[in-house]
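Novice: Below is the sequence, then the predicted model.
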Amino acid sequence: MKLRDKLLLMYVLSVFIPIVVTNVVFYNVTSANIRSQKTRDAGMALNNLKNDLRVTIDQGVGLSYSLYTDPVFNDTISRSFQSHFEYIDAYNSYLKGQFSGQMNQGIRWYQVYTDNSTILSSGYIDRLTDDVRNSDWYVQFQAYSAPYPALISSDQMLSLVQRLDNLDTGGREQLLKIDLNMDMIKQYFHNSGFDGKVYLLDPGGHIQFSNDPTAEAQIGKRYSEIQFPNKMIPFEITYTGINYLEGWSLHGVMDEEIVLKEVRKSRSFVVWLACINFVLPSIIIAAMSRSIHVRLVRILKHMKKVKTQNFQTIPPEDARDEIGQLTMEFNRMTETIHNLIHEVYLADIQKKDLELKQQEAQLHALHSQINPHFLFNTLESVRMRSLIKGEKETAKIVHNMAKMFRKSISWNQNDVTVKEELELIESFLQIQKYRFGEKLQYTIEADPAVLMYRIPKMVILPFVENASIHGIESSPGVGIIQLFVSMENDQLHIRLTDNGIGMSQAKLEELLSYLDQNTDMGEHVGMKNAYSRLKLCYKNHFTFDIQTWEGEGTRIQIKLPLDPSAMPGD
């Protein structure tokens with residue numbers, strides 16, 4: 001049998017069929033048991049939430065009854081005070097102490113409202129103004145006439161409101177409003193252990209609080225109007241026998257998928273049975289796969305050696321399966337490649353190397369026929385002749401040309417100092433000045449601190465040449481070329497500006513494409529050469545930017561690293 005068929009048949013007979021049958025038998029039993037347990041746990045969690053919520057509300061009810069049954073307190077807030085000083089004295093001597101120590105964890109704030117005009121708004125006592133009477137909680141409270149507190153929901157806040165009319169108030173209206181601690185209630189809902197959404201409903205069946213993230217949009221809606229998916233398990237617990245909570249209820253909705261998810265996590269019993277059917281087949285598979293793994297790894301190691309031109313063959317083995325055949329074919333292929341490389345490829349390389357050396361020798365012989373110093377001496381002769389004739393300007397220009405030519409034949413290194421590069425640019429601009437006359441104005445400014453730093457030779461001059469020839473020559477007015485070299489943040493900043501004819505956006509994009517790609521535009525060869533050498537020397541450690549405005553000029557900025565590790569030649 002083929003190796004693939006062996007492994008497939010072994011897995012189907014020894015692993016797959018036994019595990020599938022075992023899991024199917026026990027999965028249904030486990031699912032039913034855990035589903036029932038999950039439902040009971042959810043009911044207990046909802047009942048615990050009901051008790052926790054009642055404890056918090058009872059704390060507010062206890063405070064409400066303590067103030068409701070206090071005759072001295074009720075007599076004090078309903079009394080007519082002759083002056084503000086009399087009220088302040090009563091507040092400091094009794095009322096202030098009455099309120100101290102009344103706060104607890106279940107109460108966020110409480111306030112006494114009265115329409116007694118002789119009382120000042122202070123601390124926990126406030127005037128019962130028209131704004132208070134127009135508030136939502138006050139309007140809702142008017143529907144209650146019972147002597148016990150009324151639980152009211154307003155502005156996402158649960159409050160207990162009670163009339164302080166246990167004693168004769170002299171016709172004055174007095175109310176106590178206790179705001180429950182919504183953070184604690186919210187914590188009860190989120191830590192209830194109920195794996196689903198819980199809703200607190202008022203006696204009218206309206207949602208007043210929930211742990212649902214979208215509950216804010218559902219507050220005030222009737223619970224019966226909410227559409228739930230079909231696979232939902234509902235729960236309901238109603239407060240009964242408590243006058244101030246009569247009719248309030250907790251409704252829970254749990255997604256059936258959550259129950260099934262927990263069932264899937266609770267498969268330990270099924271897993272243990274599956275392991276029994278898994279151990280023996282695994283031993284068989286491990287024994288066979290070990291042999292396969294060892295032989296495949298050996299082939300892989302020899303294949304990696306071929307990458308380093310180590311054509312070592314694998315020791316032959318007496319095997320008839322696919323791995324044995326692969327080993328023999330690998331040995332045959334390795335020997336063939338080794339022979340081809342030594343007999344054909346190396347011989348061809350030697351032949352081409354000989355031809356290349358012959359071409360280099362011919363080129364060297366051709367170069368040696370031209371003595372560049374002859375041209376330099378000729379320029380010097382012209383300069384001296386011009387001085388003898390009194391043509392100082394011509395002599396100066398010839399001298400600049402001679403300096404440029406001398407530097408071009410004397411620079412035997414790939415990099416020069418910034419100072420040397422600027423001297424070369426100065427000579428070039430002097431020649432252009434002689435050519436253009438007053439039409440060309442230029443300035444060169446350099447920070448003395450950067451003059452001795454080394455940069456690739458002739459990487460600034462091509463851009464200066466382009467500015468003078470392509471930018472200034474076609475400009476009708478006076479052309480200005482400005483070159484600034486400075487050091488900022490361990491970088492050499494080179495900024496070249498001109499007020500020439502500039503370029504259009506399309507021309508700029510064409511130029512940038514030319515600089516980055518191996519295209520031929522027929523011009524800007526010097527810029528292309530300079531940009532290529534910058535990329536070769538600095539790789540991605542330099543910045544090159546061109547900004548141009550058609551009819552206004554061009555600005556080129558080059559930033560080169562001054563870090564010695566990124567210097568050319570390192």
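Specialist: Okay, I see it. Residues are numbered from 1 along each chain as shown.
Novice: Now do the contacts for Arg54.
Specialist: Residues in contact with Arg54, defined by C-beta atoms under 8 Å, 6 or more residues apart in numbering, are 239, 242, 245. Just so you know, the C-beta spots here come from the backbone N, C-alpha and C atoms, and that holds for glycine as well.
Novice: so which strand or helix has it?
Specialist: According to DSSP states H and E, Arg54 maps onto helix 17-68.
Novice: that older thread, report the buried members of the contacts of Arg54.
Specialist: The neighbour count (16 or more other C-beta atoms under 10 Å) marks 239, 245 as buried among the contacts of Arg54.
Novice: what are the bridge partners for Ser210, then?
Specialist: With DSSP bridges as the criterion, Ser210 is bridged to Tyr199.
Novice: what's it in contact with, if anything?
Specialist: Neighbour list for Ser210: 189, 197-200, 218-219 [criterion: C-beta under 8 Å, 6+ apart].
Novice: so which of these is the most crowded?
Specialist: Of all those, the most densely surrounded is Val198 (25 neighbours; neighbours counted as other C-beta atoms under 10 Å).
Novice: Might one say that it is in contact with Tyr188?
Specialist: No. The criterion here is C-beta atoms under 8 Å, and Val198 misses it with Tyr188 at 9.4 Å.
Novice: Quick one: end-to-end length of stretch 13-21, please.
Specialist: End-to-end span of stretch 13-21 (C-alpha to C-alpha, to the nearest Å): 12 Å.
Novice: so for that stretch, what's the average pLDDT?
Specialist: Confidence over stretch 13-21 (mean pLDDT, whole number) is 77.
Novice: measure Arg222 to His251 for me?
Specialist: Summarising the geometry, the distance separating Arg222 from His251, computed by C-beta to C-beta, to the nearest Å, is 12 Å.
Novice: Compare those two (neighbour count), which wins?
Specialist: Higher neighbour count among Arg222 and His251: His251, with 20 against 12, using other C-beta under 10 Å.
Novice: least trustworthy helix or strand in the chain by mean pLDDT?
Specialist: helix 372-388 (a mean of 54; mean pLDDT, DSSP states H and E).
Novice: how many other residues sit next to Leu422?
Specialist: Neighbours of Leu422 under the rule other C-beta under 10 Å: 20.
Novice: whoops, Gln187 was the one
Specialist: Counted with other C-beta under 10 Å, the burial measure for Gln187 works out to 12 neighbours.
Novice: Over to Ile460?
Specialist: The number of residues packed around Ile460, counting by other C-beta under 10 Å, is 22.
Novice: Setting aside sequence neighbours, what's the nearest residue to it?
Specialist: Once its chain neighbours are removed from consideration, Ile460 has its nearest residue in Glu421; the separation is 5.6 Å (C-beta to C-beta, 6 or more residues apart in numbering).
Novice: Could you list which residues are in contact with that neighbour?
Specialist: Applying C-beta under 8 Å, 6+ apart, the residues near Glu421 are 455, 457-461.
Novice: Number of residues surrounding Met452?
Specialist: Met452 sits with 10 neighbouring residues when counted by other C-beta under 10 Å.
Novice: my bad, Val161
Specialist: Residue neighbour count, defined by other C-beta under 10 Å, stands at 21 for Val161.
Novice: Is it in a helix, a strand, or coil?
Specialist: Remark: Val161 carries the secondary structure label strand [criterion: DSSP: H, G, I helix; E, B strand; the rest coil].
Novice: what does Gln441 give?
Specialist: strand.
Novice: ok, it - contacts?
Specialist: Gln441 is in contact with 478-481, counting by C-beta under 8 Å, 6+ apart.
Novice: Mind checking which of those residues are buried?
Specialist: Neighbour counting over these (16+ other C-beta under 10 Å) leaves 479-481 as the buried ones.
Novice: so of those residues, which ones are in strands?
Specialist: In strands, defined here by DSSP state E, the members of these are 479-481.
Novice: which among those gets closest to Arg79?
Specialist: Distances from those to Arg79 were compared by C-beta to C-beta; the smallest belongs to Ile480, at 93.0 Å.
Novice: Any stretches of the stretch 51-200 of the chain with poor pLDDT?
Specialist: Within the stretch 51-200 of the chain, the ranges that satisfy pLDDT under 70 run 96-103.
Novice: residue boundaries of the helices in the stretch 51-200 of the chain?
Specialist: Counting by DSSP state H, counting those that start in this stretch, the stretch 51-200 of the chain has helices at residues 71-78, 84-90, 96-99, 130-133, 136-141, 182-190.
Novice: Quick one: closest of those helices to Asn47.
Specialist: The minimum distance between Asn47 and the helices of the stretch 51-200 of the chain falls on helix 182-190, with 12.6 Å, by C-beta to C-beta.
Novice: contacts for the closest one?
Specialist: Residues from elsewhere that reach helix 182-190, judged by C-beta under 8 Å, 6+ apart: 49, 52-53, 56, 105-106, 108, 156-158, 198, 209-211.
Novice: By neighbour count, which of the contacts of Glu421 wins?
Specialist: If you count neighbours using other C-beta under 10 Å, the busiest of those is Ile455, which has 25 neighbours.
Novice: host element of that one?
Specialist: strand 454-456.
Novice: what's whatever helix or strand comes next after that strand packed up against?
Specialist: Scanning forward in sequence from strand 454-456, with DSSP H and E defining helices and strands, the next element found is helix 461-466. Here helix 461-466 is seen to pack against helix 418-436, helix 525-538 when contacts are counted using 3 or more C-beta pairs under 8 Å, 6 or more residues apart in numbering; DSSP states H and E.
Novice: partner strands of the helix or strand just after the last one, parallel or antiparallel?
Specialist: This means helix 525-538. For helix 525-538, the succeeding helix or strand toward the C-terminus, using DSSP H and E, is strand 543-549. Strand pairing for strand 543-549, determined by DSSP bridges: strand 553-561 (antiparallel).
Novice: Quick check: phi and psi at Glu343.
Specialist: Glu343 adopts backbone torsions of phi -90, psi -30, taken as degrees, to the nearest 10.
Novice: which SS class is Gln312?
Specialist: coil.
Novice: Not counting its neighbours along the chain, what's nearest it?
Specialist: If the residues on either side of it in the chain are set aside, Gln312 comes closest to Lys305, at 5.8 Å by C-beta to C-beta, 6+ apart.
Novice: what angle separates the helix or strand where the one you found lies from helix 17-68?
Specialist: Taking DSSP H and E as the definition, Lys305 sits inside helix 268-307. Helix 268-307 and helix 17-68 are oriented at 120 degrees to each other (axes from the mean of the first three to the mean of the last three C-alpha atoms, to 10 degrees).
Novice: what helices or strands is helix 268-307 leaning on?
Specialist: Under the contact criterion of 3+ C-beta pairs under 8 Å, 6+ apart, helix 268-307 touches helix 3-11, helix 17-68, helix 322-340.
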